[in-house]
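Participant: this one's sequence-less:
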């Protein structure tokens with residue numbers, strides 16, 4: 001019988017941090033379960049190969065038809081394998097705004113204010129710029145300035161400055177407002193996933209048993225306590241046991257799915273699927289929040305280094321050789337190279353829109369190939385009011401859950417996005433971007449609210465930041481308490497983006513790693 005002190009379900013951003021921190025001093029036996037593979041190949045490690053990653057690195061989920069998106073089905077990529085989404089994302093290192101965490105504390109999540117979480121961001125970080133009041137230098141997660149940035153990315157920042165939008169060299173420092181180049185989770189020109197930071201250094205040590213290709217079917221619950229996990233590896237089913245407890249870190253979609261398969265969730269929904277209700281918890285799979293995003297695209301007359309043309313292909317072929325030899329050049333790109341944060345609504349307590357500038361033309365998440373050269377500007381609503389759900393499609397653990405983000409259900413969200421898209425166009429209308437001769441791929445009358453709203457509903461989708469489906473709170477209805485212990489079930493912690501009571505104002509990878517760091521300390525404290 002396999003028995004461990006702790007079992008961690010999910011080797012993604014938070015799960016890698018939890019497992020690595022629990023196992024690092026050698027006093028605990030930890031088992032890390034991951035459904036995907038090791039993600040240690042050249043495609044994953046080379047940043048520029050991000051659009052060409054193998055299908056087995058991505059769950060490739062889809063939403064139910066979205067009434068707010070004119071009935072369209074949205075795409076929901078999620079990382080599969082060690083590192084989770086940190087192995088397939090754009091590597092942008094953003095923590096969110098001070099206001100986000102202070103608001104969590106104001107909502108009853110004691111100990112989660114900005115001054116409480118900052119030490120854990122610093123603990124995790126090895127920033128190439130060194131340590132200061134906001135950054136760490138000795139952590140396992142390498143954070144770097146970009147080794148190469150497309151000239152159009154620099155031009156985007158300069159164009160924003162023409163509108164008196166200030167430059168910001170550090171979005172994770174004293175202030176978030178402004179525009180600039182993003183820092184990235186890379187080391188020496190390679191992707192530095194959470195698994196490379198926390199798990200791979202522990203490989204082979206007796207304190208950490210890493211099991212990839214392992215599907216978690218459900219939690220084993222005995223007398224109100226989680227005592228183990230029922231798993232499947234190939235055709236073999238077995239139960240592994242944990243004397244200290246289980247940490248669920250399967251992400252905003254799969255964590256609630258595993259809970260519901262285990263009998264923890266909305267009672268009526270579980271009974272519909274013939275699942276015995278262990279704990280009737282309506283908040284499981286509820287409160288889904290995600291950053292709705294609109295991508296404006298322009299094709300250019302003058303050459304942009306990344307593009308689908310003979311010249312672009314030859315340039316990328318040379319760049320691959322350069323990267324293999326030196327780990328420099330175009331293949332170190334994170335694609336979302338530049339961006340910014342700004343408030344478009346007068347009552348916003350913090351920036352309410354984030355921009356990502358990509359020096360390539362994107363359609364349908366990059367799945368639709370566009371000939372020629374150009375650039376794209378993402379604008380996303382940072383604190384959406386719309387709320388969705390995650391529910392079961394079936395009782396089979398390998399089936400995709402039923403995902404309904406309920407995008408743009410709240411009219412406040414489209415009002416913010418409308419203003420954000422208009423500002424995107426104002427920036428592109430400024431030099432030096434105008435020097436590239438950009439042509440709008442989706443021209444409309446931007447001054448017409450109805451026409452712009454229709455375009456947004458026809459083309460907007462996620463920017464890949466689902467959270468909130470196992471929310472943390474001080475109230476008994478919440479799924480976990482502020483120490484990330486599950487309410488109503490002993491021996492179970494949850495550590496991933498699903499516990500966020502409200503989505504942060506920025507990319508969610510760094511906050512998920514911070515949550516993993518904190519959970520490891522909570523578990524150690526008992």
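Facilitator: In hand now; what should we look at? What you see is a predicted model; the values in this text were computed from it and never measured.
Participant: every contact and neighbour count from this point should use C-alpha atoms.
Facilitator: Noted.
Participant: could you pull out the helices for the protein?
Facilitator: For the chain, helices defined by DSSP state H occupy the ranges 13-23, 42-45, 98-106, 114-124, 151-162, 194, 251-261, 267-272, 310-326, 411-428, 449-459, 509-525.
Participant: who wins for proximity to residue 171 among those helices?
Facilitator: helix 98-106 (11.0 Å; Cα to Cα).
Participant: rank the helices of the chain by pLDDT, which is bottom?
Facilitator: Among the helices of the chain, helix 310-326 carries the lowest mean pLDDT, at a mean of 85.
Participant: re the thing from before, can you list the helices of the chain in CSV and add distance to residue 403 and mean neighbour count?
Facilitator: As requested, the helices of the chain are exported to CSV (distance: least, Cα to Cα, whole Å; neighbours: other Cα atoms under 10 Å):
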stretch, distance to residue 403, mean neighbour count
helix 13-23, 21, 31
helix 42-45, 26, 19
helix 98-106, 25, 20
helix 114-124, 30, 19
helix 151-162, 34, 22
helix 194, 25, 30
helix 251-261, 8, 26
helix 267-272, 14, 15
helix 310-326, 36, 14
helix 411-428, 19, 19
helix 449-459, 18, 16
helix 509-525, 20, 23
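Participant: now these in a markdown table, with distance to residue 171?
Facilitator: Conversion of the helices of the chain to a markdown table gives the following (distance: least, Cα to Cα, whole Å):
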| stretch | distance to residue 171 |
| --- | --- |
| helix 13-23 | 20 |
| helix 42-45 | 25 |
| helix 98-106 | 11 |
| helix 114-124 | 14 |
| helix 151-162 | 14 |
| helix 194 | 21 |
| helix 251-261 | 25 |
| helix 267-272 | 42 |
| helix 310-326 | 28 |
| helix 411-428 | 18 |
| helix 449-459 | 27 |
| helix 509-525 | 13 |
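Participant: so for residue 301, which of the ones you listed sits nearest?
Facilitator: Set against residue 301 and scored by Cα to Cα, the helices of the chain come closest in helix 151-162, at 12.9 Å.
Participant: against which helices or strands is that closest one packed?
Facilitator: Packing partners of helix 151-162 (3 or more Cα pairs under 8 Å, 6 or more residues apart in numbering; DSSP states H and E): strand 178-181, strand 338-342, strand 353-358, helix 411-428.
Participant: show me the one of the helices of the chain that comes nearest residue 501.
Facilitator: helix 98-106 (6.8 Å).
Participant: elements contacting that closest one?
Facilitator: When contacts are defined as 3+ Cα pairs under 8 Å, 6+ apart, helix 98-106 sits against helix 114-124.
Participant: for the helix it packs on, name the packing helices and strands.
Facilitator: helix 98-106, helix 509-525.
Participant: repeat the analysis, applying 6 Å as the threshold.
Facilitator: helix 98-106 (3 or more Cα pairs under 6 Å, 6 or more residues apart in numbering; DSSP states H and E).
Participant: centre of the chain to the helix it packs on, how far?
Facilitator: 19 Å (Cα atoms, centre = their mean, to the nearest Å).
Participant: give me the angle between it and helix 114-124.
Facilitator: Per axes from the mean of the first three to the mean of the last three Cα atoms, to 10 degrees, the angle that helix 98-106 makes with helix 114-124 is 120 degrees.
Participant: ok, now which ones touch the residue nearest to residue 85 when sequence neighbours are not counted?
Facilitator: Spatial nearest neighbour of residue 85, excluding adjacent residues (Cα to Cα, 6 or more residues apart in numbering): residue 79 at 3.8 Å. In this structure, residue 79 makes contact with 57, 58, 85, judged by Cα atoms under 6 Å, 6 or more residues apart in numbering.
Participant: rewinding a little: output the helices and strands packed on helix 151-162 in TSV, with distance to residue 282 appended to each entry.
Facilitator: Listed next are the helices and strands packed on helix 151-162 as TSV, based on distance: least, Cα to Cα, whole Å:
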stretch	distance to residue 282
strand 178-181	39
strand 338-342	34
strand 353-358	31
helix 411-428	25
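Participant: out of the ones you listed, flag the one nearest residue 162.
Facilitator: Closest of those to residue 162 is helix 411-428, at 8.0 Å (criterion: Cα to Cα).
Participant: from residue 477, how far out is residue 487?
Facilitator: 8 Å (Cα to Cα, to the nearest Å).
Participant: isn't residue 504 up against residue 95?
Facilitator: No - contact criterion Cα atoms under 6 Å: residue 504 and residue 95 do not qualify, at 7.8 Å.
Participant: so in the protein, where's the weakest helix or strand by average pLDDT?
Facilitator: Within the chain, no helix or strand scores below strand 307-308, which has a mean of 66 by mean pLDDT, DSSP states H and E.
Participant: pull the number of nearby residues for the residue nearest to residue 210 when sequence neighbours are not counted.
Facilitator: Nearest in space to residue 210, with sequence neighbours left out and distances taken as Cα to Cα, 6+ apart, is residue 32 at 4.9 Å. Here the number of neighbours of residue 32 (other Cα atoms under 10 Å) works out to 24.
Participant: same deal with the one 5 residues further on?
Facilitator: Other residues within reach of residue 37 by the criterion other Cα under 10 Å amount to 18.
Participant: enumerate every residue touching it.
Facilitator: 81, 212, 213.
Participant: possible to save the residues you listed as a markdown table with neighbour count, distance to residue 223 and pLDDT?
Facilitator: A markdown table is the format used below for these (neighbours: other Cα atoms under 10 Å; distance: Cα to Cα, whole Å; pLDDT from 0 to 100):
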| residue | neighbour count | distance to residue 223 | pLDDT |
| --- | --- | --- | --- |
| 81 | 28 | 32 | 98 |
| 212 | 18 | 29 | 98 |
| 213 | 15 | 30 | 98 |
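Participant: residue 191 touches residue 43, doesn't it?
Facilitator: No - look at residue 191 against residue 43 with Cα under 6 Å: they stay out of range, at 9.8 Å.
Participant: residue 84 is in contact with residue 36, correct?
Facilitator: No - Residue 36 is beyond contact range of residue 84, at 8.6 Å (criterion: Cα under 6 Å).
Participant: higher neighbour count, those two?
Facilitator: Set residue 36 next to residue 84 and count neighbours by other Cα under 10 Å: residue 84 wins out with 32 against 23.
Participant: and the pLDDT for that one?
Facilitator: Residue 84 is given a pLDDT of 98.
Participant: for it, which non-adjacent residue is spatially closest?
Facilitator: Closest to residue 84 by Cα to Cα, 6+ apart is residue 12, at 3.6 Å.
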